[in-house]
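Participant: Let me see the structure of the following:
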Amino acid sequence: MNKKLQPTVLAIALAASFGAQAATVYKIENIDEFYKVNGTINNSRSGFGATLNNSGDVLGGASGTFAPLLSDDDQDRLNNNRVDVSLTQLATNASNSSINPTRVVKLIPQSNNSVFEFDTNNLPAFIKIFDETITRDGREVSTIDSFAFDVSDTGVIVGTTSSAAYAVDDPDQSDDNSNKDDPFYVYDYSQRAMVINNGVIKTFEPEFSTYGGLSGITAINDNGLVVGYASTGIEHDSKTRIDSNCLDTYKDAIPLQVCAAGFTDGSRRNTAVQYYLHAFSWEYNNGELTNPKDLGILTSPISDTDADSYNSIALDVNNNGIAVGRSKTFRDQKKEFRYRLDVATVFKDGKVVDLMDHSEDSWRYSSANAINDNNLVVGFMEKSISGFYRKKFFVYDAMSEDITLTFPNDFSTKESDFASNAKSINDKNQVVGSIEVDSQKVDFGRRTHGFIYEHSDQSFNDINDLLTCESKGYIKTGTDWKKYQVEATGGNEQKISYDADITVVDASKIAEDGTIIATALVTLPRVKTRWVDDKGNEVTSTTEGAVEELVVDSNGDPVFDTNASGEPITEQIPRAVILKPTDGEACKVVEEDSINYKQERQGAGFGFGALPVSYTHLTLPTKRIV
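Facilitator: Numbering: from 1, shown residues only. The predicted structure follows:
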């Protein structure tokens with residue numbers, strides 16, 4: 001397609017709607033490390049922006065496999081709060097890891113999520129949580145699932161982690177058990193509140209820790225006040241299953257620890273224990289959590305046999321001690337199953353404040369995701385727009401006497417049907433998050449871009465429109481701009497050349513100086529994979545216990561996947577991206593034949609000239625690459 005220098009459609013619309021004030025321009029700081037086939041960190045495929053502070057610490061998460069398409073797990077991470085993704089009770093489609101409620105417990109588990117921090121050169125460095133105890137072919141197997149949710153300005157990282165997995169003997173040593181020599185692989189806990197301070201990692205057991213318990217820390221303020229969630233009991237149906245399956249039917253064949261955590265072993269299975277969760281706060285000082293405080297919940301189960309989940313979760317806290325999150329409740333306090341919903345909440349002065357307008361029948365699920373020191377709260381409300389339910393981001397003053405949510409306009413001067421989710425707000429009242437950009441009216445599957453909203457002047461921008469041309473992968477030749485070409489070599493001397501492409505699809509957090517940690521989709525060569533059983537035999541992807549491994553040539557180099565003509569093809573993979581304000585000019589290059597901005601896929605790209613990418617000398621385990 002031809003490209004030329006011209007104003008974007010969105011820039012014109014915003015100038016007409018909000019005046020001519022120039023928006024902040026951004027450059028990608030870590031662009032040089034995007035194009036690595038072995039992922040953000042070794043043996044990972046995908047990366048996600050997690051959090052940052054005002055002192056320059058930036059953290060991300062690594063996950064995913066060498067699967068040829070963007071997985072459902074990847075899409076969940078792009079569209080939802082990271083806490084939602086991490087919660088065991090919501091991760092029903094995870095791989096054979098600690099966060100899979102029915103994992104195959106006689107197969108070695110694998111990590112699905114890891115934490116990394118960017119070093120002074122903006123290169124990702126893996127944060128090791130615990131020593132691993134399982135090896136395969138002489139190599140450590142990564143089994144720990146960990147998430148970083150926040151980092152204080154003094155560098156204290158908070159989040160959640162599993163224990164390392166380890167092997168235990170099969171208790172059924174009878175001759176009838178043909179698999180008696182194969183151990184079970186177990187975790188002491190799937191999620192526990194975690195603090196990392198000066199490299200020292202500590203976990204904190206919740207007060208209710210039957211079968212391991214569940215807890216996490218989602219935020220920390222400058223005073224050492226931390227908030228999150230902790231288990232307070234076991235759901236009714238979950239307790240019934242454990243009593244029936246783990247303490248009776250399987251008591252002599254399956255270790256209790258294995259059964260309660262959820263497992264699949266041939267025809268025997270049990271779903272993982274499900275906990276009631278409450279929002280909690282603690283005080284952190286000198287490596288210790290003290291003064292645990294249950295922040296409360298808006299309702300309670302309908303009856304003693306109610307099978308539903310009743311949870312409240314705190315997602316952020318400001319320096320004034322006000323926390324925000326969400327809680328289960330009933331519409332208009334009608335305690336019937338059909339009226340259940342989760343609502344955005346503010347936790348302050350010992351009370352749980354419901355931000356739902358219960359008179360709005362078209363409003364349903366909502367969440368308060370962040371709060372700044374001006375006591376402004378941001379989050380989303382899911383409501384019906386033109387017959388479709390869409391998330392719309394909101395701003396709310398936590399000191400207001402009434403419950404009035406403001407829903408800012410985005411690409412239009414009136415409410416659009418583009419779903420949006422606000423995830424962070426700084427003390428300059430700058431808000432970042434994600435918004436849909438496709439016009440086609442569908443229930444799900446519309447692409448998202450990262451956005452920044454200035455509450456002071458109500459200006460709204462797609463972050464991709466604020467990037468410099470260099471950060472979008474263009475090079476200037478005379479008066480024209482053109483894309484860089486990526487040249488890659490794979491296994492069996494395969495060659496591929498393509499336009500570098502980066503699209504910022506989500507923004508996780510914004511610092512006081514405007515720095516943003518975000519997630520971008522990056523075009524990379526698609527690598528070839530196959531599914532194998534525990535003996536290494538090739539099987540179908542639906543075979544129980546099958547794992548995906550990378551196909552390599554005789555030199556151990558990954559082989560690119562190809563189309564029907566035998567030509568290597570590309571795919572898009574999420575990667576963490578650091579965005580810094582710059583004095584440069586926003587790129588005005590657009591595709592000439594792009595008419596509707598919201599259906600336009602804007603290119604974004606790589607660094608300095610044509611990029612040769614080599615895929616040699618990679619250490620790749622013969623199991624699912626994560």
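Participant: Give me the pLDDT value at Val85.
Facilitator: With respect to pLDDT, Val85 scores 50.
Participant: From Val559, how far out is Ala165?
Facilitator: Using CB to CB, to the nearest Å, Ala165 is found at 30 Å from Val559. Bear in mind the C-beta positions are built from the backbone N, C-alpha and C, glycine included.
Participant: Can you pick out the residue with more neighbours from those two?
Facilitator: When neighbours are counted by other CB atoms under 10 Å, Ala165 and Val559 differ, and Ala165 comes out ahead with 26 against 19.
Participant: ok, now how distant is the more buried one from Arg103?
Facilitator: Distance from Ala165 to Arg103, by CB to CB: 10 Å.
Participant: Give me the common contacts of the two.
Facilitator: Pro109 (CB atoms under 8 Å, 6 or more residues apart in numbering).
Participant: average pLDDT for the strand ranked longest in the chain?
Facilitator: Secondary structure of the chain per DSSP state E: the longest strand is strand 570-582. The average pLDDT within strand 570-582 is 92.
Participant: who does it touch, helix- and strand-wise?
Facilitator: strand 25-28, strand 46-52, strand 58-63, helix 72-79, strand 502-510, strand 516-525 (3 or more CB pairs under 8 Å, 6 or more residues apart in numbering; DSSP states H and E).
Participant: so what strands line up beside that strand?
Facilitator: Partners of strand 570-582 in the sheet, by DSSP bridges, are strand 25-28 (antiparallel), strand 516-525 (antiparallel).
Participant: Can you identify the element that follows the longest one toward the C-terminus?
Facilitator: Think strand 516-525. strand 529-532 (DSSP states H and E).
Participant: now that next one: how far from the chain's centre is it?
Facilitator: Relative to the chain's own centre, strand 529-532 is displaced by 26 Å; criterion: CA atoms, centre = their mean, to the nearest Å.
Participant: Just the buried residues of that strand, please?
Facilitator: Neighbour counts over strand 529-532 (16 or more other CB atoms under 10 Å) mark Thr529, Trp531, Val532 as buried.
Participant: what stretches of this structure score poorly on pLDDT?
Facilitator: For the chain, applying pLDDT under 70 flags the ranges 1-21, 35-45, 64-97, 99-102, 137-139, 441-445, 534, 544-545, 591-626.
Participant: in it, which spans are helices?
Facilitator: All helices of the chain, identified by DSSP state H, fall at 9-18, 72-79, 82-86, 236-241, 256-260.
Participant: now the closest residue to Leu524 other than its chain neighbours, which residues is it bridged with?
Facilitator: Spatial nearest neighbour of Leu524, excluding adjacent residues (CB to CB, 6 or more residues apart in numbering): Ile573 at 5.3 Å. Beta-bridge partners of Ile573, counted by DSSP bridges, are Val522.
Participant: can you count the residues close to Ile573?
Facilitator: 25.
Participant: Could you do Phe337 as well?
Facilitator: Counted with other CB under 10 Å, Phe337 comes out at 10.
Participant: show me the contacts for it.
Facilitator: Phe337 neighbours (CB under 8 Å, 6+ apart): Ile302, Asp308.
Participant: change it to 10 Å
Facilitator: Ile302, Asp306, Ala307, Asp308, Phe330 (CB atoms under 10 Å, 6 or more residues apart in numbering).
Participant: In strands, which of those appear?
Facilitator: Phe330.
Participant: hmm, which two among the contacts of Phe337 are most spread apart?
Facilitator: Ala307 and Phe330 (15.4 Å; CB to CB).
Participant: neighbour count winner among those two?
Facilitator: Phe330 (18 against 14).
Participant: The closest residue to the more buried one other than its chain neighbours: neighbour count?
Facilitator: Nearest residue to Phe330, sequence neighbours excluded (CB to CB, 6+ apart): Tyr339, at 4.6 Å. Per other CB under 10 Å, the neighbour tally for Tyr339 reads 13.
Participant: Could you do Thr479 as well?
Facilitator: 7.
Participant: Next one: it from Lys428, what distance?
Facilitator: In terms of CB to CB, Thr479 sits 36 Å off from Lys428.
Participant: and what of Asp397?
Facilitator: Asp397 sits 16 Å away from Lys428 when distances are taken as CB to CB.
Participant: In CSV, list the strands paired with strand 570-582 along with mean neighbour count.
Facilitator: Below are the strands paired with strand 570-582 laid out as CSV (neighbours: other CB atoms under 10 Å):
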stretch, mean neighbour count
strand 25-28, 23
strand 516-525, 26
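Participant: Save those as JSON lines, and put in distance to Met381 too.
Facilitator: As requested, those are exported to JSON lines (distance: least, CB to CB, whole Å):
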{"stretch": "strand 25-28", "distance to Met381": "28"}
{"stretch": "strand 516-525", "distance to Met381": "23"}
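Participant: Looking at those strands, spot the one closest to Pro124.
Facilitator: strand 516-525 (12.0 Å).
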